[in-house]
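Q: here are the coordinates; sequence isn't available:
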């Protein structure tokens, strides 16, 4: 066997070995999430506390992000508490299939999924670098649905990871924020650990909607909220503040 063929074979074997190794591990990230302290049109954007924790699991070709949304209590026939279970908002990114599914920004108690393609963000690379959790991060910026964002991502981790629906950068995003101060996500801890099992997702029986349908739902929801706030005696300025959302859609 010629030297060139031996070298090529070795490279193939190394590539397969690295690929199998990555499949046997997962990246677990915790982000500190902060948002302006105001009730928004969309339930998941209601921020009664100035912060929260988001967990991200990245394994294989998939990433799952989840944000706590209270606790669901299970009662017996006599009304006694049997068990409690955490309730989450989810984002699922399927890289090979090129789409994301998100419950994170859907209206109150509405059980359906928003499906979007993985081509939403047009990042511009920057020259700055900084350290986050010991990893060298590169800067990137973009404008997305009415807000300007700055992201810091690292290529030193062999996984893609991100909070919310951000995507399109070649690595793990460890910090991202809007330049107007409305929202931010900062990685607080990071662990590469053996992969055990996929995260159980409770929504695969739900209906899936596209962006056009989603906007129609938001318009209807906005109208009902405005009527409610007016009955409660809120001023136009107060109503405007309460109807703020991360994504600035034209809902008029």
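A: Cool, got the structure. Since the structure is predicted, the reported quantities are computational estimates derived from the model, not experimental observations.
Q: show me what contacts the closest residue to residue 178 other than its chain neighbours?
A: Closest residue in space to residue 178, ignoring its immediate chain neighbours: residue 147 at 4.5 Å, by CB to CB, 6 or more residues apart in numbering. (Each C-beta comes from the backbone N, C-alpha and C, glycine too.) Residues near residue 147 by CB atoms under 8 Å, 6 or more residues apart in numbering: 178-180, 182, 246-248.
Q: just the buried members of those residues?
A: 178, 182, 246 (16 or more other CB atoms under 10 Å).
Q: now for the contacts of residue 147, which pair is the farthest apart?
A: 179 and 247 (15.3 Å; CB to CB).
Q: and residue 212, that's in a strand?
A: No. Secondary structure of residue 212 (DSSP: H, G, I helix; E, B strand; the rest coil): helix, not part of a strand.
Q: Give me the neighbour count for it.
A: When neighbours are counted by other CB atoms under 10 Å, residue 212 registers 7.
Q: repeat for residue 154
A: Neighbours of residue 154 under the rule other CB under 10 Å: 23.
Q: residues in contact with it?
A: Counting by CB under 8 Å, 6+ apart, the residues that residue 154 touches are 132, 135-138, 171-172, 174.
Q: one more time with 10 Å
A: 129, 131-138, 161, 169-174, 187, 190 (CB atoms under 10 Å, 6 or more residues apart in numbering).
Q: Then residue 189?
A: Residue 189 touches 28-32, 53, 133, counting by CB under 10 Å, 6+ apart.
Q: Next one: it from residue 124, what distance?
A: When distance is defined by CB to CB, to the nearest Å, residue 189 is 29 Å away from residue 124.
Q: And residue 92, by the same measure?
A: As judged by CB to CB, residue 92 and residue 124 stand 27 Å apart.
Q: Mind checking which of the contacts of residue 154 land in strands?
A: Secondary structure from DSSP state E places 129, 131-132, 135-138, 172-174, 187, 190 of these in strands.
Q: Tell me the buried residues within those.
A: The neighbour count (16+ other CB under 10 Å) marks 132, 135, 137-138, 172-174, 187, 190 as buried among the ones in strands among the contacts of residue 154.
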